[in-house]
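Asker: Need a 3D model of the following:
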Amino acid sequence: MNDQTLHKIKDHNVWRRLAYTALFGLIYSFADMVLIVLIVAQFCFLLFTDEKNEELTRFGNQLSNYLFSVLQFLTFSTEEKPFPFAEWPKTEPSTIDITPEPPAQAPEEVDETEDAEVAETEEAEVPAPPAKKKVSKKKVAKKKTSTRKKATSKKV
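Answerer: Just a heads-up that it's a prediction; the model follows:
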């Protein structure tokens, strides 16, 4: 080994980084399980109350941002250590509306003549697909044998 490699192996910063990587790997595993529990809880809340829980949404946003910062550190994208060595991510609740829509109401009765007119105009607007040529299997077989005969006659 050369002196430069030995110096890198003895460097305390490299070993400290390994310790932080192991620590944040464990933290990530735990936080990932918490995120799964949070997802199930939010789904159950939505299922039984037809509304999302704003506190769970806020915590879910913060936790997902935290997991992102942990992954950035673990993949060496940044040297900035996440929480508990930095502040916990602060985010506002998502603006995505996940509240289910009310069921559709039954359509009003429509005059049958209007339906027939709509159906006629829809049929007129759709172009017909192009017709395909039908080739018999015998013709295909003749073409194959004739091209083989030409190829063998050129070789001779």
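Asker: any weak-confidence spans in the chain?
Answerer: Residue ranges of the chain with pLDDT under 70: 1, 92-156.
Asker: Which parts of it are helices?
Answerer: 3-10, 12-49, 54-74, 112-125, 137-155 (DSSP state H).
Asker: For the first one, C-alpha coordinates in CSV please.
Answerer: Read it as helix 3-10. Output of helix 3-10 as CSV, limited to C-alpha atoms (Å, rounded to 0.1, in the frame of the first residue of the first chain):
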residue,chain,number,x,y,z
ASP,A,3,1.4,6.2,1.9
GLN,A,4,-1.7,8.1,0.6
THR,A,5,-3.9,5.0,1.1
LEU,A,6,-2.6,4.4,4.6
HIS,A,7,-3.3,8.0,5.5
LYS,A,8,-6.9,7.7,4.2
ILE,A,9,-7.4,4.5,6.2
LYS,A,10,-6.1,6.1,9.4
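Asker: just checking, what packs against that helix?
Answerer: Using 3 or more C-beta pairs under 8 Å, 6 or more residues apart in numbering; DSSP states H and E, no helix or strand is in contact with helix 3-10. Yep, even glycine has a C-beta here, placed from its N, CA and C like the rest.
Asker: List the neighbours of it that are in contact with it.
Answerer: Val14 (C-beta atoms under 8 Å, 6 or more residues apart in numbering).
Asker: Give the buried residues for that helix.
Answerer: Under the neighbour-count criterion of 16 or more other C-beta atoms under 10 Å, helix 3-10 has nothing buried.
Asker: same question, stretch 56-69
Answerer: For stretch 56-69, by 16+ other C-beta under 10 Å, it's Leu56, Thr57, Phe59, Gly60, Asn61, Gln62, Leu63, Tyr66, Leu67, Ser69.
Asker: And these, which two are furthest apart?
Answerer: Spanning the widest gap among those are Leu56 and Ser69, at 20.2 Å by C-beta to C-beta.
Asker: Lys90 touches Arg58, doesn't it?
Answerer: No. The pair Lys90 / Arg58 is not scored as a contact, 9.4 Å apart, by C-beta atoms under 8 Å.
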